[in-house]
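**Student:** The following comprises the amino acid sequence and a computationally predicted model.
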Amino acid sequence: METKIYTEKKEKVIDFLIGFFGIPLGFGLFAGGVSAFVQFLFSPAHKSSFGFIAAIFGAIVWLVALVVPIILIVYFWRRRRFIALGLLYSIVVVPLILLGTCAVIFLGGGLMTGLSHR
């Protein structure tokens, strides 16, 4: 697969959206489906050692679902850069923005109430 040369802005936007929504949604559905299947498979034996095996297997599935998009970023960075950028934004930038927003809301709210009671 050769490097894609983008001729129109529409191609860039479509590739970015594929990377931003499509790949994380696909891996989330895959990991959720496999985890639900394992949970269903081992649920009658939740008091035996199979429950522990199911938990370990579920953790492995989620770990794979987190590592594979990083590998895809490296792969797509050489081939279709805007898919890689969309994927990078969806798994790194957006969660950091949400984390920062929550920190400002919780810490900022606490600071403002502390100052208003003086």
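**Tutor:** Received, thanks.
**Student:** now the strands for this structure?
**Tutor:** With DSSP state E as the criterion, the chain has no strands.
**Student:** residues in contact with the residue positioned nearest the centre of it?
**Tutor:** In the chain, the residue lying closest to the centroid (CA atoms, centre = their mean) is Ile91, at 4.7 Å. Taking CB atoms under 8 Å, 6 or more residues apart in numbering, we find Ile91 in contact with Pro24, Pro69, Ile70. Heads up, the C-betas are built off the backbone N, CA and C, glycines and all.
**Student:** what's the weakest-modelled helix or strand in this structure?
**Tutor:** Every helix and strand of the chain was ranked by mean pLDDT, DSSP states H and E. The lowest is helix 94-116, at a mean of 76.
**Student:** can you tell me which helix in the protein is longest?
**Tutor:** Longest helix in the chain, counting residues (DSSP state H): helix 49-79.
**Student:** Flag every buried residue along it.
**Tutor:** Using 16 or more other CB atoms under 10 Å as the test for burial, helix 49-79 gives Ala54, Phe57, Gly58, Val61, Trp62, Ala65, Pro69, Leu72, Ile73, Phe76.
**Student:** Make TSV out of these and add distance to Ile5 and pLDDT.
**Tutor:** Converted to TSV, the buried residues of helix 49-79 look like this (distance: CB to CB, whole Å; pLDDT from 0 to 100):
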residue	distance to Ile5	pLDDT
Ala54	47	69
Phe57	43	75
Gly58	42	72
Val61	37	76
Trp62	36	74
Ala65	31	73
Pro69	24	79
Leu72	20	84
Ile73	20	85
Phe76	15	88
